[in-house]
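In: sequence and computational prediction follow.
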Amino acid sequence: MNRRDFVQATAAVAAVAATGGRAATTRRRPNLLYVFSDQHRAASLPGEPFNQASAPNLDAFRHANLSMDRCVSNYPLCTPYRGILMSGRWPYQTGLTHNNVALPSNEISLGRVFRDAGYHTGYVGKWHLQGRGNAFIPAGPDRQGFEDWHVWARTNAHYRSWTYDPDTGARIHPDGWNCTTMTDQAITLIKQQQGATKPWMLMVSWNPPHPPYNPPAQDAERYPPDQLKLRPNVSFPLQGKSAAGEARPLTGAESLRAAMQGYYGAITGVDAEFGRLLAALEASGHAEDTIVVYTSDHGDMMGSQGRMAKQVPFEESCRVPFFIRYPGVTPKGSRSDTLFAAIDIYPTLCALAGLPVPRHCAGHDMSAVMRGGRVEASQAVFLMNQLPHAGDSTEAHGEDGDAGETASDSPVRQGRETRPGHEFINQPTYRGLRTDTHTYAVAETGRWCLYDNVADPFQMKNLVRDPAHQAMMTGFDKQIGAWLISAGDPFPLADAVTRITDFPT
């Protein structure tokens, strides 16, 4: 953070705190329960084409409240998404350009803004913002404004992860699936707020349906693999390749369906835990004065385009659920097709809660849409992926790490491409955008893909070589170039757009 941004952001927090103090004497602000899972794509919601995952609580919540149907993860990878969510700024503005990078303690974080406005703040679950490993963080600025701090380590080990005593740092090893035990903690915190005189903010971050795809047996058994449907864009171009990590190449329909069984089972398990949270909120007496959000940090390709995991600009990777309920404010039973992105969440939550939006926020306040109104929507939301350079720390090692978090086994660039054996997996480095109608991405080695999402919803026809679309891509290049400047992003766009890459789609 440069000095100018820091001064502006500090002033914004002071303004929030001052305003919050005055408002508390006249009207109690709404509570905020922000729930996000990891790797839950919108394509695997009930009612979506070819989806068979059952999620009755999420489905009922979606249809009873407001669904932002075009919610996009700007950078579909764990730490970069969380950096955007917590800071309201772009990855090159915070330094969180890949996994396992710490969010600087002087960021004006979302937790800090709510705390300084008079909220009691809490966080439960996966954190992934403290750099290498998931070691205990003592009380202080690295907790980013969260007072009840219950962060978990080794969250990919769904039955062997642990949390910490927030005061002493002693490890606590609950038994069971960590999505359930994290929910137990969150419910305890909700109960503790019964009768509270000031509003509270609680963020709950589950790891499933992130791999490994190993939900409780009763949830997985609902989905016999031989009965699972494949999306039309599923393919197996990586057969015979080898790569380590969660994004191992697809070897055929049988292995994919086995992964789908676990993925769908995990979604069903997450759904049950969301139902428990809603029930606990209702029992606390706070349901009518609490904003509730369910979303996810990014999706999962699950075989589409021949890929697993995330980081790519395709819909399965980037489009995520975003459902919100604010009783008496958000419209009931409503769906919005307004483009809405991760970068917009921070300012929108502040505005919905009645807090001034800090000036450092790079996204748009979309609260008017969520109140049932209209705004001049963005023409595009921006997409990115950045492969680490040699020497960058991307993989957490040691007993406190979340092994497997880097989807492509920490690939390191050699020249303009990547080392052999990883050609198709969660690559390349690119910048792009998603508009109302199209997805476009430019790799470092050239223009990469262009899809008409209206005519081709499964993104099976790459138009990047079509002469009829050259003017459109030139216009998109100008938008991306302007965004790179505003975001402090050094991507070499001017050179890249002079050619078309042979990187496969």
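Out: All right, it came through fine.
In: so what's Gly363 up against?
Out: 88, 341-348 (CB atoms under 8 Å, 6 or more residues apart in numbering). In short, each C-beta sits where N, CA and C put it, glycine included.
In: go on, Ser317?
Out: So, once contact is read as CB under 8 Å, 6+ apart, Ser317 ends up touching 41, 73, 76, 298-301, 309-311.
In: I'd like these as a markdown table, with secondary structure and pLDDT appended.
Out: What follows is the contacts of Ser317, written out as a markdown table (DSSP: H, G, I helix; E, B strand; the rest coil; pLDDT from 0 to 100):
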| residue | secondary structure | pLDDT |
| --- | --- | --- |
| Arg41 | coil | 98 |
| Ser73 | coil | 98 |
| Pro76 | coil | 97 |
| His298 | coil | 98 |
| Gly299 | coil | 97 |
| Asp300 | coil | 96 |
| Met301 | coil | 94 |
| Ala309 | coil | 90 |
| Lys310 | coil | 94 |
| Gln311 | coil | 95 |
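In: just the closest of the residues you listed to Pro356, please.
Out: Ser73 (26.1 Å; CB to CB).
In: Pro56: how many residues sit nearby?
Out: For Pro56, the count of nearby residues is 12 (other CB atoms under 10 Å).
In: what strand or helix carries the closest residue to it other than its chain neighbours?
Out: Leaving aside its sequence neighbours, Pro56 sits nearest to Asp271 (CB to CB, 6 or more residues apart in numbering; 6.6 Å). Here Asp271 sits within helix 253-284, counting by DSSP states H and E.
In: how about Arg82?
Out: helix 78-87.
In: go on, Cys449?
Out: Per DSSP H and E: strand 446-452 holds Cys449.
In: got the contact list for that strand?
Out: In contact with strand 446-452 (CB under 8 Å, 6+ apart) are residues 313, 428, 430, 432, 437-442, 459, 461-464, 466, 469, 472-473, 496-503, 505.
In: end to end on stretch 305-315, go ahead and measure it.
Out: End-to-end distance for stretch 305-315: 10 Å, by CA to CA, to the nearest Å.
In: what's the answer for stretch 488-496, then?
Out: 18 Å.
In: adjust the sequence numbering to begin at 412 for everything that follows.
Out: Fine by me, first position is 412 from now on; the one you just mentioned is stretch 899-907.
In: name the nearest residue to Met777, ignoring sequence neighbours.
Out: Thr759 (4.6 Å).
In: list phi and psi for the one you found.
Out: With angles defined as degrees, to the nearest 10, Thr759 sits at phi -70, psi -40.
In: got a list of what it touches?
Out: Counting by CB under 8 Å, 6+ apart, Thr759 has contacts 751, 774-778, 781.
In: mind redoing it with 7 Å?
Out: Counting by CB atoms under 7 Å, 6 or more residues apart in numbering, Thr759 makes contact with 776-778, 781.
In: same deal with Pro610?
Out: With CB under 7 Å, 6+ apart, Pro610 has these contacts: 439-442, 530.
In: apart from its neighbours in sequence, what residue is nearest Leu904?
Out: Gly892 (5.5 Å).
In: and Gly765, by the same measure?
Out: Using CB to CB, 6+ apart, the nearest residue to Gly765 is Arg440, at 5.3 Å.
In: hey, where'd the helices end up in the stretch 712-861 of the chain?
Out: Secondary structure of the stretch 712-861 of the chain (DSSP state H, counting those that start in this stretch): helices located at 726-729, 753-763, 778-781.
In: out of those helices, which one sits most buried?
Out: Greatest average neighbour count among those goes to helix 726-729 (a mean of 26), per mean count of other CB atoms under 10 Å.
In: and the longest strand for the chain?
Out: Assignment by DSSP state E gives strand 611-620 as the longest strand of the chain.
In: how about that one as CSV, C-alpha atoms only?
Out: Provided in CSV are the C-alpha atoms of strand 611-620 (Å, rounded to 0.1, in the frame of the first residue of the first chain):
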residue,chain,number,x,y,z
TRP,A,611,-22.3,-8.3,15.1
MET,A,612,-20.5,-9.5,12.0
LEU,A,613,-19.6,-13.2,11.6
MET,A,614,-17.7,-14.7,8.6
VAL,A,615,-17.9,-18.5,8.2
SER,A,616,-15.5,-20.1,5.7
TRP,A,617,-15.9,-23.8,4.9
ASN,A,618,-13.4,-25.8,2.9
PRO,A,619,-15.7,-28.3,1.2
PRO,A,620,-16.6,-28.9,-1.6
